[in-house]
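Participant: turn this into a structure:
(one chain, ligands or ions: 1)
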Amino acid sequence: MGFKKLINGEALLNTFKNIQLVKNSKKTLSLFALLVLFGNNLLMAQSTGGTALDGSTTDKGVDWSSVSYYLTLFLVVCLCVAIFGKILKIYDLTLKMQGKKGFNWNNIMGICCLIFLIFGMYGAYWSLTVQGSMKLPEAASVHGVAIDDMFDLTTVLTLIVFVITQILLFGFLFLYRGSDKRKAYFYPHNNTIEKAWTVIPAIVLTILVVFGFFTWQKVMDTTPQKGDLNIDVTGHQFQWELRYPGPDGKLGAVNYTLYTQLNILGIDYKDRNSFDDLKADTMVLPVNRVIRLNIHAQDVIHSVYMPHFRVQLNAVPGLPTFFKFIPTITTAEMRVRTDNPKFEYLLYCNKICGTAHYNMQRVVRVVTEAEYQDWIARQKPYLTDQLKKALKLADTKSTTSGQLSSNRLALNN
Ligand SMILES: [Cu+2]
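Facilitator: Model (predicted):
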């Protein structure tokens, strides 16, 4: 059948149609890619606004001028390169038509490689020094130092490999560029070289992975221990809610089905530990104490992100997650170290969870133990009089020890 079609030309016609189709779809795809690129540019150009890592505040919308500026610059550079290439080609052809020797393209390509190496290396140096200086201040937690050490070690090792391989790659392209004076040496295989460039990276990567594995195990140890300060962090569009244990030192149970306009965390007041739980607007942490964050989400996936402490963990609806860390530098100390009197640690959301995601943040303040005790004593409980009425709870005044007398408690739900 196929052979018959081929004979009467039908297959040939179909092939031609297919080629046309591919050509058309290529055009559509190119246009689509350009639109995606432009759209991405617009998205990325949206300045976040709100509070930056250094504590400074910004309030900008889309920076249209910079988007169009860089897009136009890119198109102009492409056009210039294309025009320059065409001029060179025409000049080369003219020389040949006049019987003269044309350009030595091998030399031109070799020099281009050398220029690329020099500019590329300078670009890498610029990126390391200029952009590298924008990195976060020193880690303000115990495990953060270990993570930074791992990051530095990986950067140094990869940087050494990067510099050596780039010099060899582009240096050899220049040194051994095509020439009439020499002939390429055919060298297809060498077992020793093969072994070396397989075994050495394998050893280095194994060391990095094992180092990472042990660090990860230490960081992710969330076993509850006595003395840990438990804080509930609950994410919802677009706010973090903080809940601290009251004088009993224990957080009461939560159940999302108990959520109401008044009981926004769905705290279960059948659990007596809930009665003295405290509401806080700022996350205040005592320095050098183990903090255990119990992370919840009420609507979509959020992510607890505290970059100064090198802390990030997703907040997943229906799946509480935990993170333990020890803050080591107080806010006051960090203000001196960063030479920024307005410096604040911040808790961000690191999952794009909706329109106001960018501004989903809380101030985190690391203080001394005495300052913490003073602050916690001033926080108000979640169980307000209004909530008591709504839940039809009888007088639930706590005693000085924070314990409730159970015979005065009448729970009607
Ligand atoms: Cu969020």
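
Participant: could you use CA atoms for every contact and neighbour count after this?
Facilitator: Fine.

Participant: residues near T154, how many?
Facilitator: As a burial measure, T154 scores 14 neighbours (other CA atoms under 10 Å).

Participant: look up the closest residue to it, ignoring the ones flanking it.
Facilitator: What sits nearest to T154 in space, not counting adjacent residues and going by CA to CA, 6 or more residues apart in numbering, is L208, at 7.3 Å.

Participant: quick one, helices of this protein?
Facilitator: Along the chain, counting by DSSP state H, helices occupy 2-7, 10-44, 64-97, 105-126, 142-175, 191-219, 331-337, 369-376, 385-390.

Participant: deepest of these, which one?
Facilitator: helix 331-337 (a mean of 16; mean count of other CA atoms under 10 Å).

Participant: tell me what it is packed against?
Facilitator: For helix 331-337, the packing partners by 3 or more CA pairs under 8 Å, 6 or more residues apart in numbering; DSSP states H and E come out as strand 362-367.

Participant: is the ion within reach of the strand it packs on?
Facilitator: No: using CA under 5 Å from the ion, we find that strand 362-367 stays clear of the ion, coming within 11.8 Å at best.

Participant: average pLDDT for that strand?
Facilitator: Within the predicted structure, the mean pLDDT of strand 362-367 is 92.

Participant: what strands line up against it, and which way round?
Facilitator: Sheet pairing of strand 362-367 (DSSP bridges) gives strand 283-286 (parallel), strand 345-349 (antiparallel).

Participant: circling back to that earlier point, how close does the residue nearest to T154 sit to the ion?
Facilitator: Shown here: L208 relative to the ion, a distance of 32 Å by CA to the ion, to the nearest Å.

Participant: quick revisit: can I get the helices of the chain in TSV with distance to L313?
Facilitator: Below are the helices of the chain laid out as TSV (distance: least, CA to CA, whole Å):
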stretch	distance to L313
helix 2-7	59
helix 10-44	23
helix 64-97	33
helix 105-126	31
helix 142-175	14
helix 191-219	12
helix 331-337	22
helix 369-376	25
helix 385-390	31
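
Participant: relative to A184, which of those helices is closest?
Facilitator: Across those, A184 has its closest neighbour in helix 142-175 (12.4 Å, CA to CA).

Participant: for the closest one, what is the average pLDDT?
Facilitator: Across helix 142-175, the average pLDDT comes to 92.

Participant: now swap in stretch 261-281 and tell me
Facilitator: Average pLDDT, stretch 261-281: 80.

Participant: contacts for it, please.
Facilitator: Residues outside stretch 261-281 that contact it (CA atoms under 8 Å, 6 or more residues apart in numbering): 234, 241-248, 250-260, 362, 379-383, 386-387, 396, 398, 402, 404, 411.

Participant: middle-most residue in the chain, spatially?
Facilitator: Residue closest to the mean C-alpha point of the chain, counted by CA atoms, centre = their mean, is N350 at 7.3 Å.
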